[in-house]
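J.: Build me a model from this:
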Amino acid sequence: MKHIQKGNAPAFFTDFLKKEKPKEWADTAPIRSQLREYILEHEQQGCCAYTEIRISEDKACHIDHYHTRNLFPDETFNYGNLLVSCNAENYGAKYKDKQVKGKADYDKLLNPATDVPSDYLEYTFMGELQAIGGNERGAHTIEYFNLNERSLVNRRRNAVYCLQSMQDELNEDEVVEAIGEFEGMLRQLYRQV
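T.: Residues are numbered from 1 along each chain as shown. The predicted model follows:
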């Protein structure tokens with residue numbers, strides 16, 4: 001998980017809200033695909049907000065309401081609350097939504113749009129994510145998003161092997177671009193190798 005710089009809502013989204021005055025999220029269907037693509041391209045560099053997995057055009061993804069609509073209905077159309085996530089059931093947004101039981105749970109979690117995850121989380125060379133110094137927010141974030149799910153750890157471990165094989169020939173930015181996902185992990189580990 002890395003920090004995401006949320007910008008202002010794109011004009012097409014604010015114009016749609018003013019003109020159409022949607023009552024529920026389903027009413028955004030005419031622009032949802034465009035909004036998802038905008039967030040992915042302009043804010044998340046094509047990766048899932050929580051796992052940093054590359055989301056390709058053919059890969060299923062969705063706009064996640066970090067604060068769920070059922071607990072925070074007033075944030076349904078708040079652009080700052082909208083992040084794009086992969087559609088995995090075993091980790092990421094969908095997994096988080098099953099774990100959260102009440103508003104207070106969000107006090108335990110990192111929000112990549114408002115927090116700097118690298119202040120709380122670090123990666124190991126084995127592809128695992130751990131809470132720095134055992135801090136509770138980092139530990140709860142790993143648990144609630146299931147960020148050490150086996151397939152994620154294996155995928156990150158493979159990226160670490162690629163990093164190690166490329167490091168002598170490519171600089172940090174080139175390695176991140178070549179691998180194309182897990183930027184937060186790659187930047188942290190590049191400096192440690």
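
J.: The spatially most central residue of the chain and Ile55: what is the separation?
T.: Nearest to the geometric centre of the chain sits Ala49, at 1.3 Å (Cα atoms, centre = their mean). Separation of Ala49 from Ile55 (Cβ to Cβ, to the nearest Å): 10 Å. Backbone N, C-alpha and C define where each C-beta goes, glycine included.

J.: what touches both of these two?
T.: Val84 (Cβ atoms under 8 Å, 6 or more residues apart in numbering).

J.: Rounded mean pLDDT for stretch 127-141, please.
T.: Averaging pLDDT along stretch 127-141 gives 97.

J.: now swap in stretch 91-106 and tell me
T.: Computed over stretch 91-106, the average pLDDT equals 96.

J.: picking up where we left off before, might you report the residue contacts of the residue nearest to the centre of the chain?
T.: By Cβ under 8 Å, 6+ apart, the contact set of Ala49 is Met1, Ile4, Asp64, Leu83, Val84, Ser85, Ala93, Pro112, Ala113.

J.: Give me the subset of the residues you listed that lies in strands.
T.: Using DSSP state E, the subset of the contacts of Ala49 located in strands is Asp64, Leu83, Val84, Ser85.

J.: right, and the second one touches Thr114 too?
T.: No - under the criterion of Cβ atoms under 8 Å, Leu83 lies out of contact with Thr114, with a separation of 10.9 Å.

J.: All good on my end, thank you.
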